[in-house]
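Asker: Coordinates for the following, if possible.
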Amino acid sequence: MALQQEGIDNQRVEPHVEHPSEFVLLSSGTLTWNGILLEHLKFPPLDISDFYAARHHLTLQLRMPKKVELKTNGKFNYQQLLPGNVCITPFQHLHAVRWQDEMEVLSLTLEPEFVAHAVQESVNPERVELMMHRGQKDPLIREILFALKAELEAGCPSGRLYGEAMGTALAVHLLKCYSTLKPSPTVYVDGLPQHKLNQVLEYIQVHLDQDIKLIDLADCVGMSQYYFCRLFKQSMGVSPHQFMLQQRIERAKQLLQQKDLTIADIALSCGFKNQSHFTTLFRKFIGSTPKAFRNL
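Answerer: Below is the predicted model:
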């Protein structure tokens, strides 16, 4: 794909991998949410020539130019895109677009494997195919993208599992509403079998100091991320990311009784990113700072 703009003629940019820094206002790139990448982007006037999408790509329009042209059947045609509209560009779809004024969007890219396996019990992953949509009104996609943006702006206090669970919910929504195959997820009401729940709880305790992925927990019990999230919450009353935070806080409370450990060491031992992240969440859960709790 080639972008043409004054000052960066013929510069190659892969929008599904990495944008030039001057276009990026916010990015989850360094957080490595598994399977998804969220970016808040502001573009100048551009002419994007033909390229095949390397991943599934969603854009939520925030501020639109007066005129946007999208290529269909070899010809550019005017497309009315309004703020709040969503465009869905599937993996390997041939795409070209150009516009004359500034454009601002929230962009979410999803790995094809992430979408295909989101609810693999209900649809054959090898047959998953999303459909192209332009100027779509979809309140759920809008809500999820803004929730991920807010999480990112706050420094991701809820951890990796929150973003990946939101991405999974979005992937299932795409499969239900915008794919050639419409999965019909089975409704379960009894939660995880006890032996599988025990496996997950043990895995969490052993790896509590690590950056656990949602797929790690789902693989632990041999199911998709979608079903795992639903059944875990039925069993425990809270989502996986909420349970993980609770367990980290409980372990921290125990370690704070050991006066020889620094608060920074305790933060890392419990899986927090740093002491500041630990202090913020500890105060949220307990109502006091780790130092104040230790001195009680």
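
Asker: In this structure residue 173 contacts residue 142, no?
Answerer: No: between residue 173 and residue 142 there is no contact under C-beta atoms under 8 Å: 11.5 Å. (Each C-beta comes from the backbone N, C-alpha and C, glycine too.)

Asker: Strands of this structure, residue ranges please.
Answerer: With DSSP state E, the ranges of strands along the chain come out as 2-4, 11-12, 24-27, 36-43, 46-52, 56-63, 68-72, 75-79, 86-89, 94-99, 103-110, 133-136.

Asker: and residue 289, which of the ones you listed is closest to it?
Answerer: Minimum separation from residue 289 across the strands of the chain (C-beta to C-beta) falls at strand 24-27, 28.6 Å.

Asker: got the buried residues for that closest one?
Answerer: Buried residues in strand 24-27, counted by 16 or more other C-beta atoms under 10 Å: residue 27.

Asker: Phi, psi for the nearest residue to residue 208 once chain neighbours are set aside please.
Answerer: In space, residue 208 comes closest to residue 271 once its chain neighbours are excluded; the distance is 5.3 Å by C-beta to C-beta, 6 or more residues apart in numbering. Backbone geometry at residue 271, expressed as degrees, to the nearest 10, gives phi 90, psi 10.

Asker: For residue 271, the count of nearby residues, please.
Answerer: 23 (other C-beta atoms under 10 Å).

Asker: Roughly how far does it sit from residue 219?
Answerer: Between residue 271 and residue 219 the computed distance is 19 Å (C-beta to C-beta, to the nearest Å).

Asker: could you measure the spatially closest residue to residue 134 that is not a sequence neighbour against residue 245, distance?
Answerer: Nearest non-adjacent residue to residue 134, counting by C-beta to C-beta, 6+ apart: residue 87, 5.0 Å away. To residue 245, residue 87 is 34 Å away according to C-beta to C-beta.

Asker: One more: residue 52?
Answerer: In terms of C-beta to C-beta, residue 52 sits 40 Å off from residue 245.

Asker: on that earlier part again, for the residue nearest to residue 134, list each beta-bridge partner.
Answerer: Beta bridges link residue 87 to residue 59, judged by DSSP bridges.

Asker: residues in contact with it?
Answerer: Counting by C-beta atoms under 8 Å, 6 or more residues apart in numbering, residue 87 touches 58, 59, 61, 81, 133, 134, 135, 136.

Asker: distance of residue 103 from residue 81?
Answerer: Using C-beta to C-beta, residue 103 is found at 9 Å from residue 81.

Asker: Give the residues shared as contacts by these two.
Answerer: Contact criterion C-beta under 8 Å, 6+ apart; residues shared by residue 103 and residue 81: 61, 64, 68.

Asker: What is the burial count for the first one?
Answerer: In other words, residue 61. Neighbour count of residue 61, defined by other C-beta under 10 Å: 19.

Asker: quick one: pLDDT of it?
Answerer: If you check residue 61, the pLDDT there is 92.

Asker: residues touching the closest residue to it other than its chain neighbours, list them.
Answerer: Among residues not flanking residue 61 along the chain, residue 85 sits closest, at 4.7 Å (C-beta to C-beta, 6+ apart). Going by C-beta under 8 Å, 6+ apart, residue 85 touches 60, 61, 135, 136, 137.

Asker: List the contacts of the residue nearest to residue 153 when sequence neighbours are not counted.
Answerer: Counting by C-beta to C-beta, 6+ apart, residue 153 lies nearest to residue 26, which is 6.8 Å off, once chain neighbours are set aside. Residues near residue 26 by C-beta under 8 Å, 6+ apart: 38, 39, 40, 149, 152, 153.

Asker: Pick out the most distant pair among these.
Answerer: Among these, 39 and 153 lie farthest apart (C-beta to C-beta), at 12.7 Å.

Asker: which one of the two has more residues nearby?
Answerer: When neighbours are counted by other C-beta under 10 Å, residue 39 and residue 153 differ, and residue 39 comes out ahead with 22 against 10.

Asker: I figured residue 269 was touching residue 254, is that so?
Answerer: No: assessed by C-beta under 8 Å, residue 269 is found out of contact with residue 254, at 10.4 Å.

Asker: So between these two, which is more surrounded?
Answerer: Counted by other C-beta under 10 Å, residue 269 and residue 254 do not tie: residue 269 has more neighbours, with 16 against 10.

Asker: Please name the nearest non-neighbouring residue to that one.
Answerer: Of all residues not flanking residue 269 in the chain, residue 209 sits nearest, at 5.5 Å (C-beta to C-beta, 6+ apart).

Asker: Could you check how far that neighbour is from residue 273?
Answerer: Taking C-beta to C-beta as the measure, residue 209 falls 12 Å from residue 273.
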